[in-house]
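Q: Predicted model and sequence below, questions to follow.
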Amino acid sequence: MELVRVSKYFTDCGIMSRRAADAAVADGLVTVNGNVAELGQKIDPTRDIVKYKGKVVKPSTDRGEKICIMLNKPRGYVTTMSDEKGRRTVAELCADAGVRLYPIGRLDMDSDGLLLLTNDGELANYLSHPSHRVDKVYVAVVAGNVTTAQLEGMTRPIEIDGKTTSPARIKKIGSDGQLTAIEVTIHDGRRHQVRKLCAREGLKVKSLTRTAEGSLTLGNLPLGKWRKLTAAEIKKLKG
Ligand code: URA
């Protein structure tokens, strides 16, 4: 069998870019047959056991397992599996799942919170199809006080990329005079939709967090961490 560099093996498995894999090797997070891997090391994919953060890395086709995970995405990470500009991606955060995963929908680089990723195409299609009207709940923290008129204004549909969204459901959570927290529920999930609703009312967004999607909530999942959804959770998500 042809030997390949560890970093190429990671990209072949679809779990990380070469650059991220090299960084993982440099950080001592990768082992080959129990020994810490070295930069540029070559492996035999048919014989060697490669682990990342203690978990075996294998091509997803080897496992045939369909999984869906929930990630608590931090700000500063792009919702993509590889980024040509070299920015940090959500792929790096869930590489230890050991299989190639795709994000379901997206969260802006500056947003944080609940992001689902899966290798189950059917589930991804179901959840991203607008006709299934899966609610997504966000908490937007905006500068200053917010008037009732602004809150009402945020419920109105908005045109994004030539399409008009459904009305949003808006609830004021609280305010200390400096900042106001608003809960925004939408199911369309169009690009920058919540930020655009805020901007239309002249509100400056300080932070934006997705807290729930369908029947799932972030719960106490720490920022930057992921967990597998249970079969029961996936069944419930599909309604
Ligand atoms: N709406 C936004 O404006 N940003 C997100 O990341 C998600 C929804």
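A: Noted; the coordinates are in hand. Numbering: from 1, shown residues only.
Q: Identify the residues contacting G144.
A: G177, Q178, L179, T180, L203, K204 (CB atoms under 8 Å, 6 or more residues apart in numbering). Heads up, the C-betas are built off the backbone N, CA and C, glycines and all.
Q: Okay, and which of the residues you listed map to helices?
A: For the contacts of G144, membership in helices holds for none, with DSSP state H as the criterion.
Q: Buried ones from those residues, can you make that a ChimeraX selection?
A: Of the contacts of G144, the buried ones can be selected in ChimeraX as follows, counting by 16 or more other CB atoms under 10 Å:
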select :180,203
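Q: helix or strand right after the lowest-mean-pLDDT helix or strand in the chain?
A: The helix or strand of the chain with the lowest confidence, counting by mean pLDDT, DSSP states H and E, is helix 60-63 at a mean of 57. Next along the chain after helix 60-63, taking DSSP states H and E as the criterion, comes strand 68-73.
Q: three-state assignment of E152?
A: Assigned by DSSP: H, G, I helix; E, B strand; the rest coil, the conformation of E152 is helix.
Q: contacting residues for the residue lying closest to it once chain neighbours are set aside?
A: Excluding its sequence neighbours, the residue lying closest to E152 (CB to CB, 6 or more residues apart in numbering) is I170, at 7.8 Å. Contact analysis of I170 by CB under 8 Å, 6+ apart lists L151, E152, M154, T155, I182, E183, V184, T185.
Q: quick one: average pLDDT of stretch 201-220?
A: On average, the pLDDT along stretch 201-220 is 97.
Q: what about K171, distance to A140?
A: 11 Å (CB to CB, to the nearest Å).
Q: Over to D108?
A: In terms of CB to CB, D108 sits 12 Å off from A140.
Q: With neighbour numbers in mind, choose between the two.
A: More neighbours surround A140 than the other of D108 and A140, with 24 against 16 (other CB atoms under 10 Å).
Q: so the more buried one sits right up against V205, yeah?
A: Yes. With contact defined as CB atoms under 8 Å, A140 reaches V205; the gap is 5.6 Å.
Q: who's in contact with the residue positioned nearest the centre of the chain?
A: Nearest residue to the geometric centre of the chain (CA atoms, centre = their mean): L115, 3.4 Å. For L115, the contact set (CB under 8 Å, 6+ apart) comprises M70, L71, N72, K73, T79, V90, P103, I104, G105, R106, L107, R210.
Q: For this protein, which residues score under the pLDDT cut-off?
A: Counting by pLDDT under 70, the low-confidence segments of the chain come to 1, 60-64.
Q: Would you mind naming what in it lies close to the ligand?
A: Applying CB under 6 Å from any ligand atom, we find that the chain lies next to the ligand at L107, D108, S111, H192, Q193, V194, R195, L208.
Q: and the gap between the second one and G76?
A: To G76, D108 is 11 Å away according to CB to CB.
Q: mind putting the contacts of I170 in TSV, neighbour count and distance to T46 included?
A: TSV is the format used below for the contacts of I170 (neighbours: other CB atoms under 10 Å; distance: CB to CB, whole Å):
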residue	neighbour count	distance to T46
L151	16	60
E152	11	63
M154	22	56
T155	13	58
I182	25	54
E183	15	52
V184	21	50
T185	16	50
